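> one predicted model, sequence on top.
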Amino acid sequence: MTASVVDLLPNLLRGATVTVEVTVAAGALALALSLPVALARMSPAWPLRVIGTTYVEVLRGTSALVQLFYLFFILPLLGIRLDPLPTAIAGLGLNFSAYASEIVRGAIAGIDRGQWEAAHALHLSRAATLARIVLPQAVAVMLPSFASLMIQLLKSTALVSLITLSDLTFSGQALITTTGRPFAVWGLVLVIYYVLSLPLAWASNRLEARATAYRARPAGAI
Amino acid sequence: MPFDLAFAWSILPDLLRGAIVTAEATFGGMALAMLGGLLLALGRRIGPPPVAGFVRGYISLVRNTPLLVQLYFIFYVLPLAGLSFNALGTGIVTLGLHYSAFLAEVYRAGIDAVPHGQWEAAQALSLSRRDTWRDIILPQAIRPMVPVFGNFLIGMFKDTPLLATITIPEMFGAAEQIAGDTYRYNEPYTLVGLIFLLISYPAALGVRGLERRFGVH
Amino acid sequence: MSTEPLIRFRGLRKAFGANVVLEDFNMDIADGERIALIGPSGSGKTTVLRLLMGLDTFDGGEIEVGGVPLSRPSEQAKLARRQIGMVFQHFNLFPHMTVMANVTEAPRRVLGLSNAEAQARATGLLRMVGLEAKLNALPRQLSGGQQQRVAIARALAMRPRIMLFDEVTSALDPELVGEVLRVVRQLARESGMTMLIVTHEMSFARDVSDRVVFMERGRVAEQGPPDMIFRNPSNERTRAFLQAILER
Ligand SMILES: Nc1ncnc2c1ncn2[C@@H]1O[C@H](COP(=O)(O)OP(=O)(O)OP(=O)(O)O)[C@@H](O)[C@H]1O
Ligand SMILES: [Mg+2]
């Protein structure tokens, strides 16, 4: 039994590196898109607001797996051929950008209106106010939520096994057919996912504690 | 990329039949998760230390691992333990177990939010612990949870396509079946996406309405 | 003092939905004049300051600063507004920046001062408000009174010609009120700036201002030199208001 579990590991760990790759790349894509999408949704110009809102609601309202299949089967019909890896990264990155942009939007909206007003009274431009005053404060609020979102993303990468990418879950399936030992294989796969999530969970807790300390009311204010 | 309306129309009944299975899985899973979540929250809060410790570990493991792998685990491993459900039963059990770990946290937050004075008032009236929980604490705790449950219900709904992987003929499985039989992908997947949007977006608006009504956030 | 007023409110109107907050509000303020704006809660004092500062838009009438109308956005209006500084009831310091950075941010970004110039200016102002020892503190490490003094220095760093103060002591613990009022008094005495001060501290209003304006229901109900308003108000409502305040 022990010998065979050790035999399983190299295969699974190879799959796990793909899982980590997809998580990191899709996460980076989601974060990169989150700020422009959030700003579009909060824009004073209504066409931008409509575009941003539609983007977010469509991506949140349809299932991630449906979106992945959509990209996987329908892009080729449009003449766009992507390998499974970029398809997976694009699919999950876009899906999670909707959730990430809501985190950004919530954090920006949560900044006290007085901060915008003080900046206005100092004649700072809107762009400067956003960049220098609002975003630095909002980021502290966003970070713990981003860390939890990355755990969700890590878990969602299991879906990419269904579009033939050989991630951790896919490797598990392959081992089932060769070894016929579902308990050991799936048990091990669960443990590996759990271990991968630990640093993110730790980061989320640390960042949350820091953000809470940061938000503590200043002395003397009522 | 042609979109054949007539073809789309012809597959709609199959998809809607799948949607009924989707609904069964969603509501069945949610009922199980609400019950399981409550048991976990209580086990953690008033269980003896070993129980509380076990529950904590269980919640952490379930929350931080993929639903898809949990589904495979249960689908392949339960029969080894001599427990076999049909595929839909397995799907509902898995959704229920997975989401119970999340709802346990929701219950916990709700229970913690009941003011301490309520416990003291109940004690001053000599209510038993059981009566205090049932008549005083839980009714107050659950009210603000209602919209949160709504959000998790929508989340579970959007997770149901995973059930197709263990041969449950829900809506996404039906679309896959059609796509596999006809080699036409555009119509079935577009329709499934649209149906998801048509259900989950109004539902999300409804939950926002609940949030306003129940005065949270 | 020139004869042309520096600030002129003419027939100003502002409503929030059905709630008409200012209706035909008129007031002229001469260059260098110090006005204490008093009146019951909800009478529109804060709204007057916010409209002048451009924090809200108005629905009718006009505000002119140095003869420039502010109702339509224009480059001229922007420059005219740039002469105005404001101190808020809740300080609104930038919590992620040190005291020094709070004070230097706008002079650097808006006026284009170098870091060294901005710091020199900030150091002088912070010394004036008695906080030269707190340059590197974060706002949350300061008392409310200290924070409000930083906010005053921050506004002054833009060298405004006009300063607006909106109940700058009403969020403070009572023992911290004095240190902030002292700074405002000193500015009123020495700076020559035009000041518009909303306050519920009547003795302060009396000795800091050249003119007291009593507002009620979005209009000027009575105005005059402090001695006249406080000793012998002609308006029955002013009398009742002062009576109520003194009895607290
Ligand atoms: N953003 C807003 N939206 C809706 N109503 C507002 C808003 N700001 C102010 N008001 C209303 O305008 C009226 C005047 O408010 P304002 O703050 O100018 O009064 P004030 O004289 O400063 O009172 P206080 O002494 O309490 O500060 C009040 O009835 C208030 O409710
Ligand atoms: Mg006010």
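Yep, that arrived. Numbering: from 1, shown residues only, chains lettered A, B, ... in the order given. Ligands and ions are numbered 1, 2, ... in the order given.
> and the residue of chain B closest to chain C?
Chain C sits closest to B:R212 of chain B, with a gap of 18.8 Å, by Cβ to the nearest Cβ. For glycine as for every other residue, the C-beta is placed from the backbone atoms N, C-alpha and C.
> how close does that residue get to ligand 1?
Counting by Cβ to the nearest ligand atom, to the nearest Å, the gap from B:R212 to ligand 1 is 19 Å.
> for C:I38, same thing?
9 Å.
> bridging residues for that residue?
C:F214 (DSSP bridges).
> how far out from the middle of the chain is the top helix by length along chain C?
The helix that spans the most residues within chain C, counting by DSSP state H, is helix C:174-190. In terms of Cα atoms, centre = their mean, to the nearest Å, the gap separating the centre of helix C:174-190 from the centre of its chain is 13 Å.
> what of stretch C:16-36?
The answer for stretch C:16-36 is 13 Å, by Cα atoms, centre = their mean.
> now do the buried residues in it.
C:V21, C:L22, C:E23, C:F25, C:M27, C:I29, C:A30, C:D31, C:E33, C:R34, C:I35, C:A36 (16 or more other Cβ atoms under 10 Å in any protein chain shown).
> near chain A, list only the ones from those residues.
Among the buried residues of stretch C:16-36, proximity to chain A is found for none (Cβ under 8 Å from any Cβ of the partner chain).
> what's the closest of these to B:F196?
Distance ranking of the buried residues of stretch C:16-36 against B:F196, using Cβ to Cβ, places C:V21 first at 46.7 Å.
> who are the packing partners of the longest helix of chain C?
Contacts defined by 3 or more Cβ pairs under 8 Å, 6 or more residues apart in numbering or on different chains; DSSP states H and E place helix C:174-190 against helix C:144-156, strand C:194-198, helix C:202-208.
> partners of the helix or strand just after the longest one in the sheet?
Per DSSP states H and E, the first helix or strand lying C-terminal to helix C:144-156 is strand C:162-166. Strand C:162-166 sits in its sheet next to strand C:84-87 (parallel), strand C:194-198 (parallel), going by DSSP bridges.
> quick one: pLDDT of A:M1?
With respect to pLDDT, A:M1 scores 45.
> now do B:P13 against B:F27, distance only.
Remark: distance between B:P13 and B:F27 (Cβ to Cβ, to the nearest Å) = 22 Å.
> same deal with A:R14?
Relative to B:F27, and taking Cβ to Cβ, A:R14 is found at 40 Å.
> same check, this time on B:P115
For B:P115 relative to B:F27 (Cβ to Cβ), the value is 33 Å.
> neighbour count: the two, which is higher?
Per other Cβ atoms under 10 Å in any protein chain shown, whichever of B:P115 and B:F27 has more neighbours is B:F27, with 14 against 9.
> so stretch C:152-160, near chain A or not?
Yes: under the criterion of Cβ under 8 Å from any Cβ, chain A is reached by stretch C:152-160 at C:R154, C:A155, C:M158.
> my read: C:N26 touches C:I7, true?
No: in this structure C:N26 lies outside contact range of C:I7 using Cβ atoms under 8 Å: 11.6 Å.
> returning to that earlier point: reformat the residues of stretch C:152-160 next to chain A as TSV; add neighbour count.
Output for the residues of stretch C:152-160 next to chain A, formatted as TSV (neighbours: other Cβ atoms under 10 Å in any protein chain shown):
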residue	neighbour count
C:R154	30
C:A155	24
C:M158	19
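> which among those are in contact with chain B?
Of the residues of stretch C:152-160 next to chain A, not one also sits near chain B (Cβ under 8 Å from any Cβ).
> how about those in JSON lines, adding distance to B:G91 and pLDDT?
As requested, the residues of stretch C:152-160 next to chain A are arranged in JSON lines below (distance: Cβ to Cβ, whole Å; pLDDT from 0 to 100):
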{"residue": "C:R154", "distance to B:G91": "60", "pLDDT": "96"}
{"residue": "C:A155", "distance to B:G91": "63", "pLDDT": "96"}
{"residue": "C:M158", "distance to B:G91": "64", "pLDDT": "95"}
